[in-house]
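In: Sequence and predicted structure, then a few things I'm wondering about:
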Amino acid sequence: MPGSYTFKLEGSTGSAKKQVDLMGQANVGKAVKLLTTTTTTSTNDVDENDSDDTEDSNQHHTGKALSVLSKDAATAVSVMANKEDRDADDYTYVESQPWDNVTEIKLYDEDSDKLVDTYRYDKKNDILAKYDDATSKFVEVK
């Protein structure tokens, strides 16, 4: 049936939610990708009397380092860094794929762990767009 559908994937290690408009014959058999990011926790055997300050080494960061991103996400970050004159190593990244050939990258400041910007890269058309909070739309980066 034509309409707007919300797909949810929930599990013990992650969840994803995707809203898709399936309105016509062109959408028959359309693939819906639900990508999740998983977090891992590790336990360290630390003596309670240990005097080392380990606060910085245990700091949690949202996202992943550039070196562990998928090929499409790494390409999107490279294009963003070149067009926006940013140092890609200053951020961690959360990647998703809202559509085929489109990769969304959320940049988090490596030090403060705050969301800095969101970009979408269309690799088929080689177009980079940045999310504009004021208009709630993605605007092409020239």
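Out: Sure, I can see it.

In: Tyr131 is in contact with Phe138, correct?
Out: Yes. Between Phe138 and Tyr131 there is a contact at 5.4 Å, judged by CB atoms under 8 Å. Glycine gets a C-beta too; all of them are placed from N, C-alpha and C.

In: got any residues that touch both of these two?
Out: Arg120 (CB atoms under 8 Å, 6 or more residues apart in numbering).

In: The chain: strands as residue ranges?
Out: According to DSSP state E, the chain carries its strands in the segments 3-10, 15-22, 91-99, 102-109, 115-122, 127-132, 137-140.

In: which of the ones you listed sits most buried?
Out: Comparing the strands of the chain by mean neighbour count (mean count of other CB atoms under 10 Å), strand 102-109 comes out on top with a mean of 20.

In: just checking, what packs against that strand?
Out: helix 71-84, strand 91-99, strand 115-122 (3 or more CB pairs under 8 Å, 6 or more residues apart in numbering; DSSP states H and E).

In: okay, the ones you listed in CSV with distance to Ile105 and mean pLDDT next?
Out: As requested, those are exported to CSV (distance: least, CB to CB, whole Å; pLDDT from 0 to 100):
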stretch, distance to Ile105, mean pLDDT
helix 71-84, 5, 94
strand 91-99, 6, 92
strand 115-122, 5, 95
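
In: In a markdown table: these, plus distance to Lys142.
Out: Below are the helices and strands packed on strand 102-109 laid out as a markdown table (distance: least, CB to CB, whole Å):
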| stretch | distance to Lys142 |
| --- | --- |
| helix 71-84 | 8 |
| strand 91-99 | 21 |
| strand 115-122 | 13 |
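
In: Can you check which of the ones you listed gets nearest to Lys64?
Out: strand 91-99 (5.7 Å; CB to CB).

In: Just the angle for that closest one relative to strand 102-109, thanks.
Out: Here the directions of strand 91-99 and strand 102-109 differ by 160 degrees (axes from the mean of the first three to the mean of the last three CA atoms, to 10 degrees).

In: Need the residues that contact strand 91-99.
Out: Outside strand 91-99, the residues touching it (CB under 8 Å, 6+ apart) are 33, 35, 37, 61-66, 69-70, 72-73, 76-77, 103-110, 113, 116, 120.
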